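Trainee: Test case, fold it:
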Amino acid sequence: MNDLRSVEWLNDNFSNENLVVLDASLASTIEGSRSDLDGVVIKNSRYFDLKKKFSDHDSAFPNTLPSPEDFEKECRALGINNSSLIVVYDDLGVYSSPRVWWMFRAMGHQEVYVLDGGLPHWVKNGYPTSSSHHVDLDPGDFTSNLNLDFVKSYQDIVANVDDALFTIIDARSEGRFNGVEDEPRKHLQSGCIPHSINIPYKEVLKDGKFKSESELKAIVDSKKLDLDQVVFSCGSGLTACIVMLALRKINGQLNVLYDGSWTEWAELQGLTKE
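Mentor: Below you'll find the model as predicted:
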């Protein structure tokens, strides 16, 4: 399953009339890391504001998938059509862009890809950049069609504690997963959900790009992991999508996310600090 596009491919296909390039960059990671490419964007790209426009602000938890109606409205405002060929990137190479890829897939759009290596590799190759995003846009006709099979709820995860129908792949760091490192959300304890295994998202990347299929298969084999029944999780549903996208190189059917992830689980299980 090829859910990625190279910077070379994007440069070669820049004239495609259906192409929409989305910048999903965040101000910083949850750990506070920032890109050194501030003020640089891919030419003609549009800003996909993950935090302010493409998250459910009525939710008590961060990065929650918005309603299909809100997602559709904001996509149309970005000039996105049902016929759009979407390529998503971010300024850290691969960080927030897989989350946007998953959102579009969950909302029923098939022609969406992540730019492998993102903005750093685009700049490294000397391809066209700009200091501002493309904003003079005609409204699009994008239609949302949410596939609930892509999303697991808190209730689904609770039921799985007893039923063990699926394995949760947790993309947080080893220390957070094992409960020996603080969560970035300081009021929460660290630890893991029952029936989870840990594949930190940084382990599936190399130099800002996804590792090869053979390297990823070695990771899966080392965990003795069966990919037929897995659900992805992390701190708030963002970096889980990095690991999901990586392992789709091995099993192209992987698409299920526990959207609330550890933040929701810890809050609702009372795993908070006094």
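Trainee: how about the helices in the stretch 51-200 of the chain?
Mentor: The residue ranges that make up the helices of the stretch 51-200 of the chain, judged by DSSP state H, counting those that start in this stretch, are 68-77, 97-106, 118-124, 154-163, 174-177.
Trainee: Give the other helices and strands that the fourth one contacts.
Mentor: Spelled out, it's helix 154-163. Here helix 154-163 is seen to pack against helix 261-268 when contacts are counted using 3 or more CB pairs under 8 Å, 6 or more residues apart in numbering; DSSP states H and E. In this view, the C-beta of every residue, glycine as well, is placed from N, C-alpha and C.
Trainee: Show residues contacting the helix it packs on.
Mentor: Counting contacts by CB atoms under 8 Å, 6 or more residues apart in numbering, the residues outside helix 261-268 that touch it are 60-62, 154, 157, 170, 172, 176, 183, 185, 188-189, 191-193, 233-237, 240, 258, 271-272.
Trainee: Not counting residues beside it along the chain, what's closest to D228?
Mentor: Ranked by CB to CB, 6 or more residues apart in numbering and with sequence neighbours excluded, the top spatial neighbour of D228 is N251, at 7.7 Å.
Trainee: right, and the one you found touches D226 too?
Mentor: No: using CB atoms under 8 Å as the test, N251 is too far from D226 to be in contact (9.8 Å).
Trainee: Ok, which of the helices of the stretch 51-200 of the chain comes nearest N147?
Mentor: Among the helices of the stretch 51-200 of the chain, helix 97-106 comes nearest to N147, with 5.9 Å by CB to CB.
Trainee: quick one: average pLDDT of that closest one?
Mentor: The predicted model gives helix 97-106 an average pLDDT of 98.
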